[in-house]
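Colleague: sequence-free structure coming up:
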């Protein structure tokens with residue numbers, strides 16, 4: 001057509017039916033006249049070229065569409081290729097980059113990697129290089145950019161290196177994730193180290209265990225890595241228990257927990273608390289858990305447990321430990337029980353040591369006694385301090401009462417030599433009660449019986465051994481009966497008050513009354529205060545009983561004062577117990593009772609025994625000052641039987657000293673020894689105090705008392721304690737027709 005040649009690509013079909021791409025050119029041939037006489041056709045199979053072109057196109061598309069930065073440079077450093085990923089990563093478009101020097105486009109350290117690659121090629125080494133590097137301040141946020149850079153050669157057909165290419169990938173997120181993981185791991189390690197908590201994972205199929213750094217520190221071994229599983233680090237005595245706990249966790253129990261000892265390579269022993277559970281399903285043989293070093297806590301727990309069961313001063317077991325030991329010794333079938341001897345030891349007159357040299361010296365004596373008993377008796381004997389100056393001795397496997405008494409005899413011998421405190425020596429003695437267990441006895445019964453025998457020893461004159469027998473049993477039973485009855489006495493209205501007159505010795509007129517507590521037991525009859533007051537004090541009943549006495553005594557004085565025959569200046573003395581004196585609200589209660597009874601406070605005399613006062617003198621000073629501020633009067637009862645310090649007496653706002661009856665009974669009848677009473681009256685006069693002499697029973701006792709300047713007196717010479725109506729009648733009869741001073 002017009003004599004033009006034509007060329008193009010066509011599909012040719014081979015004989016086997018397969019089509020192939022061919023490049024065809026057709027050229028027409030003309031004769032001299034210009035007529036078309038032939039066509040020359042040339043066909044070239046371009047299958048390989050087509051495949052190469054298509055592959056190149058695909059590769060180019062892949063490179064262009066890759067999010068990784070892909071670029072290349074020739075040997076002079078000029079950029080020859082630059083994809084969209086490179087534009088996104090480095091911020092330069094393809095048009096801006098092709099033909100420029102690579103150093104103008106990317107960080108120098110990236111270029112250096114390509115330079116190093118080409119240098120390697122010059123030395124005939126290598127073929128690729130991969131490194132992770134970091135650049136700073138790529139984006140507007142100024143965040144760090146972490147890049148993974150891979151470089152390789154580009155060779156020509158002859159194999160000669162003509163360029164270098166690079167693939168750069170943004171791995172910032174992965175790097176930051178690694179950093180966070182590493183930071184979390186570090187924080188976890190720090191937390192574990194701070195808490196002393198290690199972690200482990202045990203694969204029982206492979207018999208391998210993975211340990212955290214802190215666990216390795218706890219075990220005292222090299223940190224990190226996986227080790228063969230074993231229990232070599234566990235104390236030999238604890239291995240069976242640890243293995244059993246691991247089996248329990250493997251059986252599916254959740255949170256199996258146990259404590260055991262570990263032995264470090266250097267031989268030190270530590271206590272650990274472990275907790276583990278199974279990982280995965282029921283067929284899993286993998287355990288994960290934690291280990292906590294509890295050595296210090298274990299030591300503290302042991303110390304606290306020791307404090308609970310031992311006496312702080314002497315280090316001996318205490319009552320709590322004694323009960324546990326006795327229950328253990330007396331446990332089992334009655335027919336097979338071992339017989340146990342128990343000796344209850346109470347030091348005689350121990351209070352003298354405290355009163356003479358102070359409580360510090362008394363503590364030294366108690367420690368010396370504890371040492372003597374623990375070293376002087378059998379090693380298998382149990383020595384216990386139950387309270388103050390009371391000790392209990394226990395000996396097991398005793399066959400007879402004689403052997404039980406032998407325990408007390410040995411204790412008596414051990415305590416025989418004097419105890420030296422400073423430059424003073426004290427000769428100790430003890431009242432000891434002994435009992436031997438029967439098959440049916442409990443620890444409480446055994447202690448009760450020995451305690452009863454000890455009290456019998458004190459009643460019989462002290463410094464002796466009493467074996468619990470029928471008499472002691474009867475006494476113990478009576479004590480139990482009285483204690484039980486005393487708890488109901490107030491509610492059952494079994495208590496009542498009697499009043500003994502106190503007279504002015506110079507005029508013979510009544511000055512006041514002392515209220516005295518009495519108890520009529522429904523079955524035992526009248527019970528002496530000397531018997532039931534100590535029981536009330538030891539049982540804690542003294543507080544409600546003391547409150548009852550205070551209420552009823554002041555109410556009685558108010559009733560008397562409403563009678564015109566009762567003189568308005570007559571006072572009433574009420575005793576305060578040691579327990580009451582220690583009550584924090586005593587002053588408020590006394591004030592309230594006085595107001596409720598509408599009484600002048602100066603008519604209320606509160607009596608405190610000298611021994612009680614000296615036992616708690618520091619606390620007593622402030623309490624007595626507060627009571628005295630209410631307007632009441634304060635008397636010290638049984639004066640002379642204790643060991644009052646003159647300095648304390650000067651500090652106390654007291655009004656009256658009551659001379660104990662033991663110093664009055666010997667007066668009169670000729671040959672009087674008035675030295676003690678005289679000393680007390682002289683002391684009272686020097687302090688501006690009044691004196692009441694107790695226990696006056698004979699007329700011949702009056703003269704020496706008056707001569708010594710004693711102010712008041714009370715005793716059977718004038719009257720025994722009287723019921724309220726009888727006391728009023730006695731007062732009226734004593735005063736005669738004396739007009740009321742009101």
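Modeller: Ah, there it is. Remember, predicted model here, so these are calculated numbers, not experimental data.
Colleague: where along the stretch 151-300 of the chain do the strands fall?
Modeller: 161-170, 197-203, 208-211, 226-228, 256-263, 269-279, 286-293 (DSSP state E, counting those that start in this stretch).
Colleague: could you tell me the least trusted of those?
Modeller: Among the strands of the stretch 151-300 of the chain, strand 226-228 carries the lowest mean pLDDT, a mean of 78.
Colleague: who are the packing partners of that one?
Modeller: When contacts are defined as 3 or more C-beta pairs under 8 Å, 6 or more residues apart in numbering; DSSP states H and E, strand 226-228 packs onto strand 208-211. Every residue, glycine included, has its C-beta placed from N, CA and C.
Colleague: parallel or antiparallel, which strands does the strand it packs on pair with?
Modeller: Strand 208-211 pairs in its sheet with strand 197-203 (antiparallel), strand 226-228 (antiparallel), by DSSP bridges.
Colleague: re the thing from before, closest one to residue 187 among the strands of the stretch 151-300 of the chain?
Modeller: Evaluated with C-beta to C-beta, those place strand 197-203 nearest to residue 187, the distance being 13.2 Å.
Colleague: quick one: the closest one to strand 286-293, angle?
Modeller: 160 degrees (axes from the mean of the first three to the mean of the last three C-alpha atoms, to 10 degrees).
Colleague: can you tell which of the strands of the stretch 151-300 of the chain is closest to residue 27?
Modeller: strand 161-170 (38.0 Å).
Colleague: ok, and what's touching that closest one?
Modeller: By C-beta atoms under 8 Å, 6 or more residues apart in numbering, the list of residues contacting strand 161-170 from outside reads 68-75, 80-81, 85-86, 89, 106, 110, 113-114, 117-118, 121, 145-156.
Colleague: buried residues, it. List them.
Modeller: 161, 163-170 (16 or more other C-beta atoms under 10 Å).
Colleague: checking residue 491 next. Helix, strand or coil?
Modeller: Under DSSP: H, G, I helix; E, B strand; the rest coil, residue 491 falls in the coil class.
Colleague: any chance of the strands paired with strand 208-211 in TSV, with distance to residue 401 and mean neighbour count too?
Modeller: Shown next, in TSV, are those (distance: least, C-beta to C-beta, whole Å; neighbours: other C-beta atoms under 10 Å):
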stretch	distance to residue 401	mean neighbour count
strand 197-203	59	19
strand 226-228	65	12
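Colleague: of all the ones you listed, which lies closest to residue 482?
Modeller: Using C-beta to C-beta, the nearest of these to residue 482 is strand 197-203, at 59.0 Å.
Colleague: tell me if I'm right that residue 69 and residue 92 touch.
Modeller: No: counting by C-beta atoms under 8 Å, residue 69 sits too far from residue 92 to count as a contact (10.3 Å).
Colleague: compare these two (neighbour count), which wins?
Modeller: More neighbours surround residue 69 than the other of residue 69 and residue 92, with 23 against 19 (other C-beta atoms under 10 Å).
Colleague: quick one, which of the contacts of strand 161-170 are buried?
Modeller: By 16+ other C-beta under 10 Å, those give 68-73, 80-81, 85-86, 89, 106, 110, 113-114, 117-118, 121, 145-154 as buried.
Colleague: inside strands: which ones of the residues you listed?
Modeller: 69-73, 80-81, 145-154 (DSSP state E).
Colleague: may I see the strands of the stretch 151-300 of the chain arranged in JSON lines, with distance to residue 695 as well?
Modeller: Output for the strands of the stretch 151-300 of the chain, formatted as JSON lines (distance: least, C-beta to C-beta, whole Å):
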{"stretch": "strand 161-170", "distance to residue 695": "109"}
{"stretch": "strand 197-203", "distance to residue 695": "74"}
{"stretch": "strand 208-211", "distance to residue 695": "84"}
{"stretch": "strand 226-228", "distance to residue 695": "88"}
{"stretch": "strand 256-263", "distance to residue 695": "67"}
{"stretch": "strand 269-279", "distance to residue 695": "66"}
{"stretch": "strand 286-293", "distance to residue 695": "70"}
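Colleague: what about residue 344, which SS state?
Modeller: Residue 344 - assigned by three-state DSSP - is strand.
Colleague: quick revisit: out of the strands paired with strand 208-211, nearest to residue 289?
Modeller: Here strand 197-203 is closest among those (C-beta to C-beta), at 5.8 Å.
Colleague: give me the angle between that closest one and strand 269-279.
Modeller: Using the same axes, to 10 degrees: strand 197-203 against strand 269-279 is 50 degrees.
Colleague: what residues does strand 197-203 touch?
Modeller: Taking C-beta under 8 Å, 6+ apart as the rule, strand 197-203 contacts 191-192, 208-219, 229, 246, 276, 279, 285-293.
Colleague: now swap in stretch 397-417 and tell me
Modeller: So stretch 397-417 is contacted by 338-343, 345, 369, 372-373, 376-377, 381, 393, 395, 428-430, 432, 434-436, 465, 467 (C-beta under 8 Å, 6+ apart).
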